[in-house]
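[1] I would like the atomic coordinates for the input below:
(one chain, ligands or ions: 1)
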Amino acid sequence: MKESNNIEEIKDKKKEEIKFLADIMLGKLVKWLRILGFNTTYPSFDDDLSLILTARQEGRILLTRDTNLIKRRNVCDFLFIKGDHWEEQLLGIIKGLKLKINFDSKIFSRCSLCNTLTKNVAKKEVKNYVPPYVFLTQNKFVYCPSCKKYYWRGTHWQRMTQIIQNLKLFSA
Ligand SMILES: [Zn+2]
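    Numbers count the residues shown, from 1 in each chain. Okay, the predicted model is just below:
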């Protein structure tokens, strides 16, 4: 009999890029996976079959809180998410899959709203698009071509990095 999740098999996939598909109950977790640079989609549909088929088709690991869904055996790669809070959920994924958090290149490499890879943009290009104070005090900017939104390493970014550092301590 198989265990209630299939972490061992998922670990083999680590040579390739790990991609996730999260069910509708995991919005906050999705945001943080994207901030850490993990390719994570978050469909608006939540019927089991569509989730399973999409995960299989796109080679994604289905993250789910739905115990009924995982009772269907061998449906796709999945990770059953325990815990009600995103910190707990994220730690579960990081530990369970032994994921490395890449502070140099991965963090903020994706838009937390839409999952698109962000692009680095030169400071001189953002002058008309960000508040004057931000332009004066910040030097690194990234851009989401989908949302047409600029992000920068401001206090929000620092706060998020701190949260991630704390997570790292817990996961060590
Ligand atoms: Zn975006």
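[2] going forward, measure contacts between C-alpha atoms and count neighbours the same way
    Fine.
[3] give the contact list for residue 28.
    Neighbouring residues of residue 28 by CA atoms under 8 Å, 6 or more residues apart in numbering: residue 86.
[4] same deal with the one 3 residues further on?
    Going by CA under 8 Å, 6+ apart, residue 31 touches 112-113.
[5] which helix or which strand is home to it?
    Secondary structure from DSSP states H and E places residue 31 in helix 27-35.
[6] ok and the biggest helix by length in the chain relative to helix 27-35, angle-wise?
    The residue-count maximum for a helix in the chain (DSSP state H) belongs to helix 155-171. Following axes from the mean of the first three to the mean of the last three CA atoms, to 10 degrees, one obtains 100 degrees for the angle between helix 155-171 and helix 27-35.
[7] now helix 155-171: buried residues?
    In terms of neighbour count (16 or more other CA atoms under 10 Å), helix 155-171 has its buried residues at 160-161, 164, 167.
[8] could you single out the nearest of those to residue 38?
    residue 164 (13.8 Å; CA to CA).
[9] distance of that closest one from residue 137?
    23 Å (CA to CA, to the nearest Å).
[10] what of residue 21?
    Residue 21 is 37 Å from residue 137, by CA to CA.
[11] more crowded one of those two?
    Taking neighbours as other CA atoms under 10 Å, residue 21 and residue 137 compare with residue 21 leading, 25 against 10.
[12] what residues are up against that one?
    Taking CA under 8 Å, 6+ apart as the contact definition, residue 21 lies against 40-43, 51, 55, 60-63.
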